[in-house]
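Trainee: Below: sequence and its predicted model.
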Amino acid sequence: GRLYFGCRVPACDHFAWADAGFPKCRCKSAAVARLRVSKKAESGGRWFFGCGGDAPNRCDFFAWASEAHLEPLGGLLTPLT
């Protein structure tokens, strides 16, 4: 499940990974961190990055997503709040 940008026009072949500016986790694979949304009451709806590696090799990488990370995604993200 990586996020990407694509064109909906039939003759257009535009494609770009939406996570190019996302941080990388600390796994030995240095996977691009996955964007997730918090479901805890005290931080519900806030976006964060977690390890993008495959189980069971995931590390404990965590970072809150900044506005700079989210801005290129525009209104594509639906918050839980």
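Mentor: Nice, thanks for sending it over. Source: prediction; values computed, not measured. Residues are numbered from 1 along each chain as shown.

Trainee: before we move on, what SS does residue 5 have?
Mentor: For residue 5, the assignment made with DSSP: H, G, I helix; E, B strand; the rest coil gives strand.

Trainee: residue contacts, it?
Mentor: Counting by C-beta atoms under 8 Å, 6 or more residues apart in numbering, residue 5 touches 14-18. Placement of C-beta: from N, CA and C, glycine included.

Trainee: try 10 Å this time
Mentor: For residue 5, the contacting residues are 14-18, 20, 72-73, 76, by C-beta atoms under 10 Å, 6 or more residues apart in numbering.

Trainee: Please report how far it lies from residue 53.
Mentor: 23 Å (C-beta to C-beta, to the nearest Å).

Trainee: same thing with residue 29?
Mentor: Counting by C-beta to C-beta, the gap from residue 29 to residue 53 is 6 Å.

Trainee: same question, residue 11
Mentor: 37 Å.

Trainee: Looking at the two now, which is surrounded by more residues?
Mentor: A direct count of neighbours by other C-beta atoms under 10 Å for residue 11 and residue 53 places residue 53 higher, at 20 against 5.

Trainee: Okay, and the residue nearest the centre of the chain sits in which element?
Mentor: In the chain, the centroid-proximal residue (C-alpha atoms, centre = their mean) is residue 35; its distance is 2.6 Å. For residue 35, the host element (DSSP states H and E) is strand 34-37.

Trainee: Now do that strand: which elements does it pack against?
Mentor: In terms of contacts (3 or more C-beta pairs under 10 Å, 6 or more residues apart in numbering; DSSP states H and E), strand 34-37 is packed against strand 47-50.

Trainee: Give the residue farthest from the middle of the chain.
Mentor: Centroid-distance maximum for the chain: residue 11 at 28.0 Å, with C-alpha atoms, centre = their mean.

Trainee: Cool, thanks, signing off.
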